[in-house]
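[1] Show me the folded form of this:
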Amino acid sequence: MRLDLLTRPAWQASLGRFVLLLALAAGIGLAIGRLEWALVVALFGYALFSLFSLYRLRVWLELRQRTPPPEQIGAWGEVSEFIHFRFRAARARQRRLVSLLRAFREAADALPDAVLVLDPQRKIVWFNRSAGRLLRLKLARDRGRLVDDFLPNPQVRAWLSHQPEREPLFDVPSPEDESVRLAFRMMPYAADLRLLIVRDISLLARLEQVRRDFVANVSHELRTPLTVLHGYLDMIEPDEAPGFAPILEDLRSQSRRMAQIVEDLLTLSRLEAPQALPEERVPMEPMLAALRRDAEGLSQGRHRIDVVNEAHADLLGAPQYLHSAFSNLVSNAVRYTPAQGQVRITWTRLADGGARLSVADTGYGIPAEHLPRITERFYRVSTSRSRVLGGTGLGLSIVKHVLALHGARLEIESEVGRGSTFACLFGPERVLALDVEEVHATAGTAP
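    Next up, the predicted model:
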């Protein structure tokens with residue numbers, strides 16, 4: 001008991017009554033010659049009074065009525081009032097929490113996106129009205145069930161099983177309607193819960209398809225007139241009109257650049273179109289040899305080209321797409337590296353069983369503020385330098401799309417004035433190890 005309670009009137013009155021009771025009992029006991037019995041009877045009576053007061057308080061607490069507590073005297077009255085105050089404060093707090101929870105649920109139900117709360121085992125704890133509409137869920141029936149049961153798409157299940165918090169999943173057909181396209185995002189929630197957000201992106205998907213069709217159609221239509229224009233320019237000999245020689249050279253250069261842009265746009269359109277990725281074994285030793293030839297042909301002896309094969313493994317995927325991506329990285333490295341610089345192509349294995357193809361150069365480097373946008377279409381760090389060197393601004397976009405099709409990712413490290421390193425990281429499922437004979441044959445030694 002806190003000592004400051006003794007300074008309160010109720011507790012002082014109770015203490016005074018107790019002392020007065022003992023004094024009265026002692027006086028009576030002395031008068032009748034039974035002091036001990038008088039004190040025992042007084043204490044027994046006080047104990048009965050305290051038990052009766054406690055009983056009344058206990059009955060009131062059991063009933064949990066909203067009526068005031070029973071009227072009691074002294075300390076018991078103050079205890080009852082204190083408990084009654086605590087009850088009222090708790091009820092007010094509970095009403096506020098219920099109001100906030102109701103407002104939260106109403107706000108969540110008003111969202112057009114499906115919101116599901118999942119436990120660590122991916123069982124459904126709660127979901128909003130949009131989740132019921134998009135995934136055909138019913139709260140009374142489906143609470144506590146695995147969310148996997150309502151997402152039969154193998155792509156979604158694989159995403160749920162492999163750290164879905166790392167990156168969202170886009171453009172997946174709805175389990176109820178193939179024409180409805182969904183996007184999934186998983187976020188940690190509270191201590192051990194997760195929040196699954198499912199968004200209907202059907203309109204965005206249709207707009208994206210319109211954009212892809214427009215780019216593909218325009219690029220295809222531009223290919224023929226550019227080919228004709230380029231052919232006529234090649235027929236004109238500069239010797240026949242020496243005064244127009246610089247103009248003819250500039251026209252040829254720009255027509256070639258336009259033709260390359262059209263080809264890159266068509267490549268991007270093919271990469272973005274829904275398709276099944278060819279699952280072929282891609283021998284990396286011939287691939288590295290082809291990349292060396294591409295680099296040396298573009299360099300014309302102005303750079304040192306090194307190729308290192310430390311992985312002794314092949315890839316599983318589309319050879320044409322992979323060569324296009326790797327070739328873009330190599331051509332960029334050669335273009336943006338001054339003469340007498342170095343370009344190094346390295347193929348290595350990773351600790352987790354994956355593999356890494358990196359293209360490092362000693363070129364101009366890329367400022368840090370440009371790195372987040374470097375893979376966007378037509379984004380240029382230096383517009384004037386890119387045009388002089390013949391870049392289209394689409395190479396890294398092609399690289400990003402090819403790697404995405406293969407479940408790989410692009411890592412970029414760069415320092416201004418010291419060069420850049422572009423690395424393609426492939427998962428273990430894409431790496432095919434060579435047998436002993438192939439390894440020795442690649443190394444040029446007998447087994």
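
[2] switch to C-alpha atoms for all contacts and neighbour counts from now on
    Noted.

[3] L432 is in contact with L315, isn't it?
    Yes: counting by CA atoms under 8 Å, L315 is a contact partner of L432 at 5.6 Å.

[4] So which of the two has more stuff around it?
    For the pair L432 and L315, the greater number of neighbours falls to L315 (24 against 18), based on other CA atoms under 10 Å.

[5] right, and the helix or strand after the helix or strand containing the more buried one?
    Element membership for L315, per DSSP states H and E: strand 313-317. Of the helices and strands lying after strand 313-317 in sequence (DSSP H and E), the nearest is helix 319-335.

[6] mind listing what's buried in that next one?
    Buried residues in helix 319-335, counted by 16 or more other CA atoms under 10 Å: 319, 321-335.

[7] after that helix comes which helix or strand?
    strand 342-349.

[8] How about the residue nearest the centre of the chain, nearest residue that isn't a chain neighbour?
    Nearest to the geometric centre of the chain sits E167, at 3.4 Å (CA atoms, centre = their mean). Nearest residue to E167, sequence neighbours excluded (CA to CA, 6 or more residues apart in numbering): R185, at 7.3 Å.

[9] Does the one you found touch R194 like I think?
    No: applying CA under 8 Å as the test, R185 and R194 come out as separate, 10.3 Å apart.

[10] Settle it for me: which of those two has more neighbours?
    R194 (21 against 18).

[11] For the residue nearest to the centre of the chain, give its distance to Q155.
    Counting by CA to CA, to the nearest Å, the gap between E167 and Q155 amounts to 14 Å.

[12] coming back round to it: is the residue nearest to E167 in a helix, a strand, or coil?
    Secondary structure, DSSP: H, G, I helix; E, B strand; the rest coil: R185 is strand.

[13] Model confidence at it, what's the number?
    Model confidence at R185, given as pLDDT, is 90.

[14] show me what contacts it?
    The contact partners of R185, taken as CA atoms under 8 Å, 6 or more residues apart in numbering, are 164-165, 167-169, 196-198.

[15] Return a ChimeraX selection command for the buried portion of the residues you listed.
    Of those, the buried ones can be selected in ChimeraX as follows, counting by 16+ other CA under 10 Å:
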select :164,169,196,197,198
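
[16] Let's have the contacts of R185 in CSV, adding pLDDT and distance to R292.
    As requested, the contacts of R185 are exported to CSV (pLDDT from 0 to 100; distance: CA to CA, whole Å):
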residue, pLDDT, distance to R292
P164, 82, 38
E165, 81, 39
E167, 80, 34
P168, 84, 36
L169, 83, 36
L196, 89, 46
I197, 89, 46
V198, 89, 45
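
[17] Okay, now the unreliable bits of the stretch 1-150 of the chain?
    1-12, 64-67, 70-74 (pLDDT under 70).

[18] Tell me how far the longest helix that the chain contains lies from the chain's centre.
    Assignment by DSSP state H gives helix 75-110 as the longest helix of the chain. Helix 75-110 sits 37 Å away from the centroid of its parent chain (CA atoms, centre = their mean, to the nearest Å).

[19] Report all helices and strands that that helix contacts.
    The contact analysis (3 or more CA pairs under 8 Å, 6 or more residues apart in numbering; DSSP states H and E) places helix 75-110 against helix 9-32, helix 35-63, helix 129-135.

[20] Could I have the CA atoms of the first one written out in PDB?
    The one in question is helix 9-32. Only the C-alpha atoms of helix 9-32 are listed here, as PDB (Å, rounded to 0.1, in the frame of the first residue of the first chain):
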ATOM      1  CA  PRO A   9     -10.000  11.400   4.100                       C
ATOM      2  CA  ALA A  10     -11.700   8.000   3.400                       C
ATOM      3  CA  TRP A  11      -8.600   6.100   4.600                       C
ATOM      4  CA  GLN A  12      -8.200   8.400   7.600                       C
ATOM      5  CA  ALA A  13     -11.800   7.800   8.600                       C
ATOM      6  CA  SER A  14     -11.500   4.000   8.200                       C
ATOM      7  CA  LEU A  15      -8.300   4.100  10.300                       C
ATOM      8  CA  GLY A  16     -10.000   6.300  12.900                       C
ATOM      9  CA  ARG A  17     -13.000   3.900  13.100                       C
ATOM     10  CA  PHE A  18     -10.800   0.900  13.500                       C
ATOM     11  CA  VAL A  19      -8.900   2.600  16.300                       C
ATOM     12  CA  LEU A  20     -12.100   3.700  18.000                       C
ATOM     13  CA  LEU A  21     -13.500   0.200  17.700                       C
ATOM     14  CA  LEU A  22     -10.400  -1.300  19.400                       C
ATOM     15  CA  ALA A  23     -10.500   1.400  22.100                       C
ATOM     16  CA  LEU A  24     -14.200   0.800  22.800                       C
ATOM     17  CA  ALA A  25     -13.600  -3.000  22.900                       C
ATOM     18  CA  ALA A  26     -10.700  -2.500  25.200                       C
ATOM     19  CA  GLY A  27     -12.800  -0.400  27.500                       C
ATOM     20  CA  ILE A  28     -15.600  -2.900  27.700                       C
ATOM     21  CA  GLY A  29     -13.200  -5.700  28.200                       C
ATOM     22  CA  LEU A  30     -11.500  -4.000  31.100                       C
ATOM     23  CA  ALA A  31     -14.900  -3.200  32.600                       C
ATOM     24  CA  ILE A  32     -16.000  -6.900  32.500                       C
END
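
[21] same for it, what does it pack against?
    helix 35-63, helix 75-110.

[22] And the last one, by the same measure?
    Taking 3+ CA pairs under 8 Å, 6+ apart as contact, the helices and strands that helix 129-135 lies on are helix 75-110, strand 114-118.

[23] what is the orientation angle of the longest one with helix 9-32?
    In this case it means helix 75-110. On the basis of axes from the mean of the first three to the mean of the last three CA atoms, to 10 degrees, helix 75-110 is oriented at 150 degrees to helix 9-32.

[24] buried sites along helix 75-110?
    For helix 75-110, the neighbour count (16+ other CA under 10 Å) marks 75-78, 80-81, 84, 108-109 as buried.

[25] Looking at those, which is nearest D264?
    In terms of CA to CA, no member of the buried residues of helix 75-110 lies closer to D264 than A108, at 43.7 Å.
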